[in-house]
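Peer 1: how would this look folded up:
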Amino acid sequence: MVRWIKPDLETKFHIDFDWWKREGRDLRVYLQSHLCSECRVIYTNHRGSAEVDWIDPDTAEVTRVDALWQSLRTHCSQRPDFITENTPLTDAVFRVFLANGNKPLSATELHEILGRRTPKTILRTLGGRRVYKGIRPVLK
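Peer 2: Got it, this is the predicted structure:
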């Protein structure tokens, strides 16, 4: 059973990968929809992409990560059209988490990054019982 908490403006959110599994949804298909046109050519099939080594810039720890995720994080997210004013809020928040390696952020921090929508609007969207794109509060 999944626990629900009433979040506030400083509650941290992240992409809950287990949510995707519980809901029977294919995260990789959704990730592919966020690729830039250049990377869509590379990842024409969402299945079977290789893992690559990634070096954490803070700790120098080397881990194996999905190449699709890494392309989104290091290439697509650097393009000026990755998040625009026309990007729906839940997609924009999801893309922020893609770009930052899924580092938890509060509604206030998300507002500071996105520069649109008030923190309260972000909180109302993400903090309700309905889960959008696996974005959920971090359970302590």
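Peer 1: what does stretch 83-95 contact?
Peer 2: 13, 15, 34, 77, 82, 96, 110, 114, 116-117, 121-122, 125-126, 132-133, 135 (Cβ atoms under 8 Å, 6 or more residues apart in numbering). To be clear about C-beta, it is placed using only N, CA and C from the backbone, and glycine gets the same treatment.
Peer 1: Which of those residues are buried? Put it as a PyMOL command.
Peer 2: Buried residues among these (16 or more other Cβ atoms under 10 Å), as a PyMOL selection:
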select buried, resi 13+15+34+77+82+96+110+114+117+122+125+126+133+135
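Peer 1: Thr63 sits in which helix or strand?
Peer 2: Thr63 belongs to strand 62-66 when assigned by DSSP states H and E.
Peer 1: With Arg73 instead?
Peer 2: helix 67-74.
Peer 1: and the angle for that helix with strand 62-66?
Peer 2: Calculated by axes from the mean of the first three to the mean of the last three Cα atoms, to 10 degrees, helix 67-74 forms an angle of 110 degrees with strand 62-66.
Peer 1: list the buried ones in the helix or strand following helix 67-74?
Peer 2: Sequence order places helix 89-99 as the next helix or strand after helix 67-74, per DSSP H and E. Judged by neighbour count using 16+ other Cβ under 10 Å, the buried positions of helix 89-99 are Leu89, Asp91, Ala92, Val93, Phe94, Arg95, Val96, Phe97, Leu98, Ala99.
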